[in-house]
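Asks: Quick check, what structure comes out for this input:
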Amino acid sequence: MKLIKQLKKTIWPDSIVLIIFVMIAITAIIVKQIVIHDESKSDAYNDLSHISSEVVIHFQKVKLDSWKDYVAIIHVCDPTANRLVQQLDNGINFNNLDWSGLNSEEFKQVKYYHHLLDQYLFFTPGEYQFPLQEPSHYTDTYGADREGGQRKHEGTDIFNQKGTLIFSVCNGTLERIGWNRLGGERVGVRGQDGNYYYYAHLDTVNEALVVGNSISKGELIGTMGNTGDAITTPDHLHFGIELPNGKWINPYSWLKVWEYNSRLNS
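Replies: Here you go, the predicted model:
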């Protein structure tokens, strides 16, 4: 009995310490992996946002079955794209192209962007839709100064008349509804892709929307207005996309492609 008591005094506490240490180490590894994953995802979306919407739309018009092949090549290596594009035009599969005219870095970049276009579906026809069903005016103002340079514009402003209907661009879950200082009447949707979709300066919010409920692509969000800090501006929708790590990304290129495909299918 004395031996057992002695073991409890010496071995048991050391075992607890070891277990706690192991748990802390495992937690640290998991957290690090999550951070690395989030940063990698952020970099991927940022890289995608720099792809020309005009190039995407052109090849979705003329080469719908292989538009990703053309876009990846032209985005990375425009000077040498003609030879590669000719191969695609001749029916050669992307993976069987003769890449001899590219250096190793260009080759890696083409493969990288092709992978991004496969993995992240922002440019893929039918996956997302434009938030308005009417012709609208918007330009790329992401990063522009706001409040005298105290902050940056983290979205795209889409202009139309007060009361214009606004729709969800994707499937997801309603996460925020109601007033905030900058956005006025706003709705926030956590998309099935994990991103947060922000609709701000609304005049009215669809009364059927309830925080925690699901929302479908194309479901009514509300109507356009100029609430919040937009009170002195023309009526518009501020549309933003925030990644799970809290970084906002430029939605302009995707909006242009969504608008094209939404008009095509209307």
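
Asks: rest of the way, CA atoms for contacts and neighbours
Replies: Fine.

Asks: Give the helix, strand or coil label for residue 68.
Replies: Here residue 68 is recorded as helix under DSSP: H, G, I helix; E, B strand; the rest coil.

Asks: Contacts only, for the closest residue to residue 109 other than its chain neighbours.
Replies: Leaving out its chain neighbours, the residue that sits closest to residue 109 by CA to CA, 6 or more residues apart in numbering is residue 76, at 6.6 Å. Contact analysis of residue 76 by CA atoms under 8 Å, 6 or more residues apart in numbering lists 106, 109, 110.

Asks: how about the helices in the stretch 151-266 of the chain?
Replies: Secondary structure of the stretch 151-266 of the chain (DSSP state H, counting those that start in this stretch): helices located at 252-265.

Asks: Can you list the low-confidence ranges for it?
Replies: Residue ranges of the stretch 151-266 of the chain with pLDDT under 70: 266.

Asks: which stretches of it form strands?
Replies: Ranges of strands within the stretch 151-266 of the chain are 151-152, 156-159, 165-167, 172-180, 184-191, 196-205, 214-215, 220-224, 236-242, 248-249, based on DSSP state E, counting those that start in this stretch.

Asks: Quick check: which of the ones you listed is nearest to residue 43?
Replies: Nearest of the strands of the stretch 151-266 of the chain to residue 43, taken as CA to CA: strand 248-249 at 9.9 Å.

Asks: what are the pairing partners of that closest one, and which direction each?
Replies: strand 236-242 (antiparallel) (DSSP bridges).

Asks: Quick one: residues in contact with the partner strand.
Replies: The set of residues external to strand 236-242 that reach it, using CA under 8 Å, 6+ apart, is 154-162, 183, 195-202, 224-226, 248-251.

Asks: Report pLDDT for residue 135.
Replies: Per-residue pLDDT puts residue 135 at 87.

Asks: I'd like the distance between it and residue 164.
Replies: In this view, residue 135 and residue 164 are 11 Å apart by CA to CA, to the nearest Å.

Asks: repeat for residue 81
Replies: Per CA to CA, residue 81 is found 42 Å from residue 164.

Asks: again with residue 265
Replies: Distance, residue 265 to residue 164, by CA to CA: 20 Å.

Asks: same question, residue 213
Replies: Distance, residue 213 to residue 164, by CA to CA: 24 Å.

Asks: For the two, work out which one has more neighbours and name it.
Replies: Neighbour comparison, residue 213 and residue 164: the larger count goes to residue 164, with 21 against 12 (by other CA atoms under 10 Å).

Asks: The more buried one against residue 223, yeah?
Replies: Yes - Residue 164 lies in contact with residue 223 (CA atoms under 8 Å); the separation is 5.3 Å.

Asks: now whichever strand or helix holds residue 57: how far from the chain's centre is it?
Replies: Per DSSP states H and E: residue 57 is located in helix 53-62. How far helix 53-62 lies from its chain's middle: 19 Å, per CA atoms, centre = their mean, to the nearest Å.
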